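Trainee: sequence-free structure coming up:
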């Protein structure tokens, strides 16, 4: 945490000598636990940063133990993109450590978001530096934009500073008071929130958070309070854009941001995978991917079954004379009836009548006629009465009536 208020009176005035080889020139910055002075080495004249411990009151013992650990670990640091400790000595104002002066802006002051290749290259370089630290048994545990200094151009690289929370990879290497949290809530790993042992997997988790912030322009945890931020880490509810969750970067982030530290890749594995993503994106899709895609398309096409036509030629089998194929017969199986039609028939559904008005022809009415019997209908004569006597007949056409 950087002190934003007025600067206190300088603890070391300009011209003060530290460890008989460094001279203080001016006060550069003041933090929560130390004051940083700009100075130079007497013999070589190279610029240095002199960090003087400045904590009074409650918590001084714990803060002093962390300061001493940072100085001890920094003296043996070896590796690229890491700011080592040149000397650890007593100054007139208290314990002090001297480091090389790094000229450049902190990542926290840079304008975001970045282009993919630039962000990927920077985080891959950070993971390589962490690989060297982990090989020495040291975990940083406090990776955040304020602790990364950009150096360059033309060859832009970073410098990792502030090893105040760094710890050897040992079960008994914790310097945290009971019930206290060590770290920045927005960038803490889940195991740090839960008070468990945090080692190299915590660095991989924090490096993935930095990559997300560089690409989307905002932190992966958007909590308004420290508690909300820590709860988001434990629950795994991070604020990632949909483009970052999709391949090819999505699987890498999903592995590096696992809540369980045992399921995260090592720093070396994460760096190699991130470098491979950059090479694949620069060169386009590799040939194996294209071949696999072509094979998948061929397999999908083979699944589409087509019946050959009646005139299709087939290769003759051995020992048999080729004959044109027969026309395929139609299936005589049961007809498939739509389920909707069956349901409609069961419910007694009929076709609705026509509701729109339509024109009809006028009916022609005829007078009602009585048809007493068939004889009167055929000959047009009235029926014979019962008392009329025998009927008169003719034996043949043209014969007299009898």
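Mentor: Done, it's in. Note that this is a predicted model, so its numbers are computed, not measured. Numbers count the residues shown, from 1 in each chain.
Trainee: CA only for contacts and neighbour counts going forward, please
Mentor: OK.
Trainee: which residues of this structure fall in strands?
Mentor: 17-18, 22-30, 34-41, 47-53, 87-91, 94-100, 138-139, 148-151, 157-160, 167-168 (DSSP state E).
Trainee: Point out the most buried one among those.
Mentor: strand 47-53 (a mean of 24; mean count of other Cα atoms under 10 Å).
Trainee: for the protein, what spans make up the helices?
Mentor: 60-75, 116-135, 190-193, 200-216, 226-235, 242-245, 249-256, 267-283, 287-302, 339-346, 374-379 (DSSP state H).
Trainee: if you average pLDDT over each of these, which comes out lowest?
Mentor: Among the helices of the chain, helix 287-302 has the lowest mean pLDDT, at a mean of 47.
Trainee: Tell me who's in contact with the residue lying closest to residue 265 once chain neighbours are set aside.
Mentor: Distances taken as Cα to Cα, 6 or more residues apart in numbering put residue 256 closest to residue 265, at 6.4 Å, once the chain neighbours are dropped. Residue 256 sits next to 204, 205, 208, 264, 265, 270 when contact means Cα atoms under 8 Å, 6 or more residues apart in numbering.
Trainee: Can you give the domain ranges for this protein?
Mentor: Using automatic domain parsing, the domains assigned to the chain come out as 1-101, 102-168+185-282.
Trainee: Dump these to a markdown table, plus distance to residue 326.
Mentor: Formatted as a markdown table, those follow (distance: least, Cα to Cα, whole Å):
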| stretch | distance to residue 326 |
| --- | --- |
| domain 1-101 | 78 |
| domain 102-168+185-282 | 51 |
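Trainee: looking at those domains, which is buried most?
Mentor: Taking mean count of other Cα under 10 Å, domain 102-168+185-282 is the most buried of these, at a mean of 18.
Trainee: What lies in contact with stretch 80-96?
Mentor: Taking Cα under 8 Å, 6+ apart as the rule, stretch 80-96 contacts 11-12, 18-19, 50-54, 71-72, 74-78, 97-100, 126, 129, 132, 157-161.
Trainee: which sections of the stretch 301-402 of the chain are below the confidence cut-off?
Mentor: 301-325, 327-402 (pLDDT under 70).
Trainee: Tell me the spacing between the closest residue to residue 18 other than its chain neighbours and residue 128.
Mentor: Spatial nearest neighbour of residue 18, excluding adjacent residues (Cα to Cα, 6+ apart): residue 91 at 5.7 Å. For residue 91, the distance to residue 128 equals 35 Å [Cα to Cα, to the nearest Å].
Trainee: before we move on, what about residue 39?
Mentor: Taking Cα to Cα, one finds residue 39 at 30 Å from residue 128.
Trainee: sorry, back to before: what's opposite the residue nearest to residue 18 in the beta bridge?
Mentor: Residue 91 has these beta-bridge partners by DSSP bridges: residue 94.
Trainee: and it, how far is that from residue 126?
Mentor: For residue 91, the distance to residue 126 - Cα to Cα - is 33 Å.
Trainee: next one: residue 184
Mentor: 19 Å.
Trainee: Could you do residue 51 as well?
Mentor: Residue 51 is 24 Å from residue 126, by Cα to Cα.
Trainee: Also residue 166?
Mentor: Residue 166 is 15 Å from residue 126, by Cα to Cα.
Trainee: swap in residue 117?
Mentor: Distance from residue 117 to residue 126, by Cα to Cα: 14 Å.
Trainee: Same check on residue 276?
Mentor: Residue 276 is 15 Å from residue 126, by Cα to Cα.
Trainee: ok so, going back, let's have the helices of the chain in a markdown table, adding distance to residue 145.
Mentor: Output for those, formatted as a markdown table (distance: least, Cα to Cα, whole Å):
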| stretch | distance to residue 145 |
| --- | --- |
| helix 60-75 | 19 |
| helix 116-135 | 11 |
| helix 190-193 | 18 |
| helix 200-216 | 7 |
| helix 226-235 | 16 |
| helix 242-245 | 20 |
| helix 249-256 | 18 |
| helix 267-283 | 18 |
| helix 287-302 | 36 |
| helix 339-346 | 65 |
| helix 374-379 | 117 |
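Trainee: so which of those helices gets nearest residue 143?
Mentor: Closest approach to residue 143 among the helices of the chain is made by helix 200-216 (5.9 Å; Cα to Cα).
Trainee: Against which helices or strands is that closest one packed?
Mentor: Under the contact criterion of 3 or more Cα pairs under 8 Å, 6 or more residues apart in numbering; DSSP states H and E, helix 200-216 touches helix 116-135, strand 138-139, helix 249-256, helix 267-283.
Trainee: Output those in a markdown table; the columns should cover distance to residue 192.
Mentor: Formatted as a markdown table, those follow (distance: least, Cα to Cα, whole Å):
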| stretch | distance to residue 192 |
| --- | --- |
| helix 116-135 | 18 |
| strand 138-139 | 13 |
| helix 249-256 | 16 |
| helix 267-283 | 18 |
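Trainee: Compare the ones you listed and report which one is nearest to residue 32.
Mentor: Of all the helices and strands packed on helix 200-216, strand 138-139 sits nearest to residue 32, with 21.7 Å by Cα to Cα.
Trainee: Are there helices or strands packed against the closest one, and which ones?
Mentor: Using 3+ Cα pairs under 8 Å, 6+ apart, strand 138-139 sits against strand 167-168, helix 200-216.
Trainee: Help me confirm that residue 251 comes into contact with residue 245.
Mentor: Yes: look at residue 251 against residue 245 with Cα atoms under 8 Å: they come within range, at 7.4 Å.
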